[in-house]
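A.B. asks: Build me a model:
(one chain, ligands or ions: 1)
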Amino acid sequence: MEIIKEMQALLLEEGKNRFLKYIKIDTTSDEGTGTFPSTKKQFDLGKLLVEELNDLGFEKVVIDENCFVYGDLLASKGYEKTQPIGLIAHMDTSPSESGTNIEPVIHEKYNGKPIKYPKNPDLTLTIEDSPLLEKFKGMDIITSSGDTLLGADDKAGIAGIMAAAVAWHKYPELKHGPITVCFTPDEEIGQGTTKINMDRLPEFCYTFDGGEMGELEIECFDAWKATITFNGISVHPGYAKNIMVNAIDIASRFVAQIPEDESPQHTENREGFYHLYAMDGNCVKAKTVFILRDFEKKNNEAKMVYLEKLKTAFEERYRGLKINLEFDHSYENMIVYLEEHPEVIQKAAEAIKMADLELNQTLIRGGTDGARLSARGIPTPNIFAGGVLFHSLKEYIPIPALQKSAEVILYLAKNWIG
Ligand SMILES: [Zn+2]
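C.D. replies: Numbering: from 1, shown residues only. As a prediction, this is how the structure comes out:
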């Protein structure tokens, strides 16, 4: 199977046009609503995708009451018995910046100079902001108008999948096994798999929600939350000698014992950290919450042992003080599950190379929906969607990334039929 020039032209056209169509639909999610999906407007994109999947010959296309879209593409003749795979992308955009009335600007044949924005004269995008721009000189680049994010996270992922679907529909010689597509709501607020129907997904899936062209993410953090409650003793401060146990004062001394170089602002690559993200209280009671992150579970376990030791030491030093330590496991490093099925990684890595891209097999200093699915039994690495500077007004995507994303999907499907 070869993706000939004519097909590449189609993928470019379809990838670009569909991307420009999807970003015009406001799908910002919202942590504050407490509903599912968090915002009703995500149904607008979901319903459009249902129509498009139906037009492209998908079967059992549905959008459920929680705004998850599913559709199945039957295998090419003769490949019905091959391994089904799932392609996943999320429909919502991050609440970090506005996603309303996105007006994309296409910068043709990017010349390397700072990019200016029509609706935000104070904003510029330079190679210092994003060294990758150097690589994209000569390519057409899409940005927002400077007053919204662009929405490449993750509408570029959806556009890549849909462009591949167009190619499968038009060129039966592009062989594939059974394919399930799934578009999810509320990924940006951590709810992208909460209500996902596991029964609708095949044994192996891929999310298309990574960064620049060529990326394949197979590792994420092993993630814990540590909640530490300090119970003190309050008396009138004028008569407190040898009696008062000031919970919030002691909590701040406790926090000061956490190694400063093991914080998010001092770590990168494979280094883990303690991150203090909440602290409040008074003399009687104080509470601090840390998140613990590392790529090795045993390193996080060492952090928990250290916190336990601090607890013992502090309770000895301050008579009457009671510290309560609670640890919750938020998510696991997906590599643990992916390593049991190396072919899932391998076929994706090959597909990226077949699309003439430099493979960048890497890790995410965060979690993905794929990590959660992997832990629940469906190994799901994360492949690039092509956008850069996600969640910001400067978010952008080089247009060729939309074509390359679709090419990778076509090769991936091919690799699974052998
Ligand atoms: Zn995303």
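
A.B. asks: Quickly find the element holding the closest residue to the ion within the stretch 201-350 of the chain.
C.D. replies: For the stretch 201-350 of the chain, the nearest residue to the ion under the criterion CB to the ion is D209, separated by 4.1 Å. Just so you know, the C-beta spots here come from the backbone N, C-alpha and C atoms, and that holds for glycine as well. Under DSSP states H and E, the secondary-structure element containing D209 is strand 204-210.

A.B. asks: Let me see the mean pLDDT of that strand.
C.D. replies: Summarised as a single mean, pLDDT over strand 204-210 is 96.

A.B. asks: what about the next helix or strand after that strand and the ion, touching?
C.D. replies: Taking DSSP H and E as the definition, the helix or strand that follows strand 204-210 towards the C-terminus is strand 215-219. No - residues of strand 215-219 are not located near the ion by CB under 5 Å from the ion, the shortest gap being 11.4 Å.

A.B. asks: Which residue would you name as the spatial centre of this protein?
C.D. replies: T368 (4.6 Å; CA atoms, centre = their mean).

A.B. asks: any idea which helix or strand comes after the helix ranked longest in the chain?
C.D. replies: When every helix of the chain is counted residue by residue (DSSP state H), the longest turns out to be helix 297-317. Following the chain from helix 297-317 toward its C-terminal end, the next helix or strand by DSSP H and E is strand 322-331.

A.B. asks: Could you pull out the buried residues of whichever helix or strand comes after that following strand?
C.D. replies: Using DSSP H and E, the helix or strand that directly follows strand 322-331 along the chain is helix 335-338. If you call a residue buried by 16 or more other CB atoms under 10 Å, then helix 335-338 has these buried ones: 335, 337-338.

A.B. asks: tally of neighbours for the residue of the stretch 201-350 of the chain closest to the ion?
C.D. replies: Residues near D209, counting by other CB atoms under 10 Å, number 27.

A.B. asks: Assess the claim that it and K155 are in contact.
C.D. replies: No - at 10.6 Å, D209 does not count as touching K155 under the criterion of CB atoms under 8 Å.

A.B. asks: okay, the angle between whichever strand or helix holds A351 and strand 204-210?
C.D. replies: When elements are defined using DSSP H and E, A351 is found to belong to helix 342-354. Helix 342-354 and strand 204-210 meet at an angle of 40 degrees, taking axes from the mean of the first three to the mean of the last three CA atoms, to 10 degrees as the criterion.

A.B. asks: about what we covered before: wait, isn't the residue nearest to the centre of the chain in contact with T207?
C.D. replies: Yes - judged on CB under 8 Å, T368 makes contact with T207 at a distance of 6.0 Å.

A.B. asks: which neighbours do those two share?
C.D. replies: In the contact map built from CB atoms under 8 Å, 6 or more residues apart in numbering, the residues linked to both T368 and T207 are 380, 382.

A.B. asks: And for E134, nearest residue in space, chain neighbours not counted?
C.D. replies: Distances taken as CB to CB, 6 or more residues apart in numbering put I127 closest to E134, at 5.5 Å, once the chain neighbours are dropped.

A.B. asks: What parts of the protein come near the ion?
C.D. replies: Residues of the chain lying close to the ion (CB under 5 Å from the ion) are 153-154, 209.

A.B. asks: One more pass at 6 Å, please.
C.D. replies: Residues of the chain lying close to the ion (CB under 6 Å from the ion) are 90, 153-154, 187, 209.

A.B. asks: Among those residues, which lie within strands?
C.D. replies: Secondary structure assignment (DSSP state E) places 90, 209 from the residues of the chain next to the ion within strands.

A.B. asks: out of the residues of the chain next to the ion, who has the most neighbours?
C.D. replies: Neighbour tally across the residues of the chain next to the ion (other CB under 10 Å): the maximum, 31 neighbours, falls on D154.

A.B. asks: Next up, the contacts around the closest residue to the residue of the stretch 201-350 of the chain closest to the ion other than its chain neighbours.
C.D. replies: For D209, ignoring the flanking residues on the chain, the nearest one in space by CB to CB, 6+ apart is D154 at 4.8 Å. D154 makes contact with 89-91, 93, 187, 208-209, 385, according to CB under 8 Å, 6+ apart.

A.B. asks: And those, which is closest to Y274?
C.D. replies: For the contacts of D154, the closest approach to Y274 (CB to CB) belongs to E187, at 26.0 Å.

A.B. asks: Tell me, how many residues neighbour H169?
C.D. replies: Burial of H169 is recorded as 14 neighbouring residues (other CB under 10 Å).

A.B. asks: what does the one 10 residues further on give?
C.D. replies: When neighbours are counted by other CB under 10 Å, I179 registers 24.
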